[in-house]
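Student: Provided below for reference: sequence and predicted model.
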Protein chains: 2
Amino acid sequence: MASISVNDVAAAAGVSVGTVSNVLNRPEKVSPGTVARVQAAIADLGFVRNDAARQLRDGRSRSLGLIVLDVANPFFTDVARGAEDRAAEEGLAVLLGNTDDSLAREAAYLDLFEEQRVHGVLISPLGDVGDRLTRLRARGTPTVLVDRQTEDRSFSSVAVDDVAGGRLATHHLVSIGKTRIAFVGGPISIRQVVDRLEGAREAVAKHPSVSLEIIETDALSVLAGRAAGELVLERAPGDRPDAIFAANDLLAIGVLQALNMRGELHVPRDIALIGYDDIAFAAAAVVPLSSIRQPSVLIGYTAVDLLLREAEVGDTFEHEQIVFQPELVVRESTGA
Amino acid sequence: MASISVNDVAAAAGVSVGTVSNVLNRPEKVSPGTVARVQAAIADLGFVRNDAARQLRDGRSRSLGLIVLDVANPFFTDVARGAEDRAAEEGLAVLLGNTDDSLAREAAYLDLFEEQRVHGVLISPLGDVGDRLTRLRARGTPTVLVDRQTEDRSFSSVAVDDVAGGRLATHHLVSIGKTRIAFVGGPISIRQVVDRLEGAREAVAKHPSVSLEIIETDALSVLAGRAAGELVLERAPGDRPDAIFAANDLLAIGVLQALNMRGELHVPRDIALIGYDDIAFAAAAVVPLSSIRQPSVLIGYTAVDLLLREAEVGDTFEHEQIVFQPELVVRESTGA
DNA sequence: TAGCCGAAATGAAACGTTTCATTCAGGCAT
DNA sequence: ATGCCTGAATGAAACGTTTCATTTCGGCTA
C-alpha cells in the first residue's frame, strides 16, 4: 500500500496541492465548498499528514525533549506530567528520555534530540553538558535546566533550593533530640545529593554536640537504600546512628525495609528517618515517612513555560532562574 | 545561524554529498583518507544530521510508540523500561504516551504516532481501537497489544492471565478463612479490571459460604483507593468485608491508608488485603502488601521483540499471543 | 600498448510538505 | 465597455537526506 500524499488528495478533490495544504492549516482561507470536497477526499483515501516532511519544511519538530535521571522515581514522573500539561496547551508533545545515571545515555538522548530538531530541551543534567547545551542554543533550540541551577546564570532553570531542603530535614532531626545523624545518598557526582548534604552540614555545624556521618550509595533507588540499611543493621547497637536523612524517598523506603527486617529496631524511637521528595508512597510506608516536599508537577509545568518564553525572546543574556522553596512534612518516622 | 547540511560538509571536505552520506552510513565503502577528511569537516562545522529529512527519505522513523494507561503506575514504568531496553538494542527510541484513562488522549497519541510514521506501536488499549490499529497495520506499521489479549487473535499481544491472577488472589483470601470478600476496582470499562474480577468470581463460585461484593472506583490510583477505604470504614463493623482484593497495588495502598487512619482496624486480622502488580512499594507499605506479581519488565521487553518479529514477517494471519502466568506473593497484609 | 576491472566517488532524483509570488474569475464603479 | 479590486486557487521552489545508476581513475593482464 503506497503512502497517500497531498498530491493524491489534491487529484481526488480536483484542486491543487497548495489548496490541500491550506485546508489543513488555515481552512478559513479556503471557500467552504472546496474545504468540504478536500476533507471528503482526505477521509476517502485515509490520508494522514507526514510529519517528517512537515518538519523538514519548517526546520523544527513539534515536540520537546525532557531528560530525567530516573523514570522509576515518582518525583520525575510528576515533573513529566506537569511538563506534558503545559506542552499540550501549545500542541507540543513531550519526548521523555531516561538516563538512569548513565553519562552515555545522557549523551545519546542529547544526540537524538538534536537530530530531531526538537523545539526545546528540558534537562536534569547528570554530567557536564554545558557545551552541548550551548551548541543547541546556538542552533536556536532553547534549553531549561530542571531541578538544578547554574552558578553563572548562563542558562534558565527551574529548581528547588536543595541546600535549604537539606537544612530543613537535618534541623528537624536535631530538634527532636537526635545527635548521631547519618546522611544516606549517592553517588556524590549528582548535584542534588551534594546540595542536600551541604544543607545537612550547615544545619549540623550550629550544634557542636551533633555528629554527621555519610553513608554513600551507588544509586538513588529502593535497592540501594536497602543495602545501606543493612550496613547500619550489621553494626553494634552503640555504633549506629540515631537518625538517618536519606537523599530521596526511594532510598528512605529501602532503608526502612532493611531496618524493619529483623524487627529489633524501632523507627523512630531507635532510629528516626526522613526522606526527600514526598512521593505519594511516602505517606503509605510501613512507618509513614517524614519528607521534604517539592512542587514536582509545578516544576515541570513552569519549566516548559519558561522554555516557551525563552523561545520567543531568542538568545538573550538574561536567563531566568526560578527557585522554589521546599517544605517539611512531618510524619511518624520522625514523630512521636 | 543557518543550519549546516551535508552540502556544506561536502563543500568543506571537497567531496560530493553522496560521499558524505556514505561516510555517515557505510564508512567501509569509502577510502580511509576521505573518511577522515569528511569527519574533520563534520566536526569543524558542527554538522548534525537532520532526522526529519532522513525519515522523509526512507518513509519511517526510528522510534516506536508506547501508549500506557498511567505513567504514575510503577507497573507501566517497568514495562516501559523493558521496552526501552529491547528497542535500544536495535537503535530505536521509545516515545511514551500517557492516556490517563482518557479516550481523547488515546486517540491523540495514535494520531501523533501515525503522523510520525513510527516504526511500530505498542498499546495497552483503553477504548475500542481496533479500526485505528488495523489502519496502521495496513500502512505497514506493526502493532502489539500490551497487557491485553484479543479474543479473535487479530493482533499479536503480550499479556498476563488476569483471570488466573484474580483467581489466585481470591483463592488465597478464601484459604486463610475469609468469607466476606470485597473487590475494589474500576472503572469496569478497563479490561484488566474486568478480568481480575472475573477471576475473583470464579474462585468464589466454588465456595457457597463465601460472598463477593464489588466496590467500584473511578480510577486505579492511590487516591481512588483511599476513597474506597473510607467508604468501608464508614460502615457498621458487622457490615464490613473481612477481606479486600484491590485491582492493583496503587488502590491497595490507598485502601490501606484509609483503613489505618482511625487506628481501630487491624490488617490483616479484621480485614485482610491483597493488591495486584507487586510494585516495588508494595513490600514497603505500612503493612507489607500481599500481591500478584507480573513480570513487568519482561512484558515490555517481549512486546518490542514481538513487534520487531512482526515487522519482519509483514502482514500475516498468524499473530502471536504470548501469555505470562502471574504469581502469588504473600506478605503480612494477608499473613499471620 | 590496448583493453579491462574494481574500487571510489559522483550527482541527480525522490521523499511529502509548506510557502509565496502569481494567476484567475467575477463583481463593481466609472 | 473598460479598468480595478478582492477572494480563491495555483504550482514551482525549497527543506536535507539517501539511493543508485553512472563516471572516473589507477593498476593489471594479455
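Tutor: Noted; the coordinates are in hand.

Student: Is A:Arg37 in contact with A:Thr19, as I believe?
Tutor: No - counting by CB atoms under 8 Å, A:Arg37 stays clear of A:Thr19, with 9.5 Å between them. For glycine as for every other residue, the C-beta is placed from the backbone atoms N, C-alpha and C.

Student: Give me the common contacts of those two.
Tutor: Common contacts of A:Arg37 and A:Thr19, defined by CB atoms under 8 Å, 6 or more residues apart in numbering or on different chains, comprise A:Ala13.

Student: More neighbours: those two, which one.
Tutor: A:Thr19 (21 against 18; other CB atoms under 10 Å in any protein chain shown).

Student: In a helix, that one, correct?
Tutor: Yes - according to DSSP: H, G, I helix; E, B strand; the rest coil, A:Thr19 belongs to a helix.

Student: Look up how far A:Ser31 lies from it.
Tutor: 10 Å (CB to CB, to the nearest Å).

Student: which residues does the residue of the stretch 51-200 of chain A found nearest DNA strand C contact?
Tutor: Closest contact between the stretch 51-200 of chain A and DNA strand C, by CB to the nearest atom of the strand, is at A:Ala53 (3.3 Å). When contacts are counted by CB under 8 Å, 6+ apart, A:Ala53 touches B:52, B:56.

Student: Wasn't it part of a helix?
Tutor: Yes - counting by three-state DSSP, A:Ala53 is part of a helix.

Student: Now do it, the pLDDT please.
Tutor: Note on A:Ala53: pLDDT of 96.

Student: Run through who's touching the longest helix belonging to chain A.
Tutor: When chain A is parsed with DSSP state H, its longest helix is helix A:296-313. Residues outside helix A:296-313 that contact it (CB under 8 Å, 6+ apart) are A:64, A:66, A:75-76, A:78-87, A:90, A:119-120, A:122, A:142-144, A:146-147, A:156, A:158-160, A:277, A:316, A:319-320, A:322, A:324.

Student: do the same with stretch A:223-236
Tutor: Residues contacting stretch A:223-236 (CB under 8 Å, 6+ apart): A:182, A:184, A:186, A:215, A:217-218, A:240-241, A:244, A:246, A:250-259, A:261-262, A:265, A:271.

Student: Closest residue of the stretch 101-250 of chain A to chain B?
Tutor: A:Glu115 (4.1 Å; CB to the nearest CB).

Student: thinking again about what came up before, is there a quick PyMOL command that grabs whichever of the contacts of stretch A:223-236 are buried?
Tutor: A single PyMOL command is used to select the members of the contacts of stretch A:223-236 judged buried by 16 or more other CB atoms under 10 Å in any protein chain shown:
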select buried, chain A and resi 182+184+186+215+217+240+241+244+246+250+251+252+253+254+255+256+257+258+259+265+271
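
Student: gap between the longest helix of chain A and the chain center?
Tutor: 13 Å (CA atoms, centre = their mean, to the nearest Å).

Student: So which bits of the helix or strand following that helix are buried?
Tutor: On the C-terminal side of helix A:296-313, the closest following helix or strand by DSSP states H and E is strand A:321-324. By neighbour count with 16+ other CB under 10 Å, strand A:321-324 contains the buried residues A:322, A:324.

Student: could you turn strand A:321-324 into CSV, dropping everything but the C-alphas?
Tutor: In CSV, the C-alpha atoms belonging to strand A:321-324 read as follows (Å, rounded to 0.1, in the frame of the first residue of the first chain):
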residue,chain,number,x,y,z
GLN,A,321,16.3,31.4,37.4
ILE,A,322,13.2,30.2,39.2
VAL,A,323,13.8,28.7,42.6
PHE,A,324,11.0,27.1,44.7
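
Student: which element follows that strand toward the C-terminus?
Tutor: Next along the chain after strand A:321-324, taking DSSP H and E as the criterion, comes strand A:327-329.

Student: Given that following strand, what are its sheet partners and their directions?
Tutor: strand A:291-293 (antiparallel) (DSSP bridges).

Student: Figure out how far the strand it pairs with is from the centre of its chain.
Tutor: 16 Å.

Student: Same check on stretch A:151-158?
Tutor: The answer for stretch A:151-158 is 16 Å, by CA atoms, centre = their mean.

Student: who's in contact with it?
Tutor: Under CB under 8 Å, 6+ apart, the answer for stretch A:151-158 is A:130, A:133-134, A:142-150, A:299, A:302-303, A:306-307, A:310, A:319-322, A:324.

Student: so how far does that stretch reach from one end to the other?
Tutor: One end of stretch A:151-158 sits 13 Å from the other (CA to CA, to the nearest Å).

Student: any idea of the mean pLDDT in it?
Tutor: Mean predicted confidence for stretch A:151-158 is 87.

Student: Quick one: residues contacting the spatially most central residue of chain A.
Tutor: Chain A has A:Phe76 as the residue nearest its centroid, 4.1 Å off, counting by CA atoms, centre = their mean. Contacts for A:Phe76 (CB under 8 Å, 6+ apart) come out as A:68-70, A:124, A:296.
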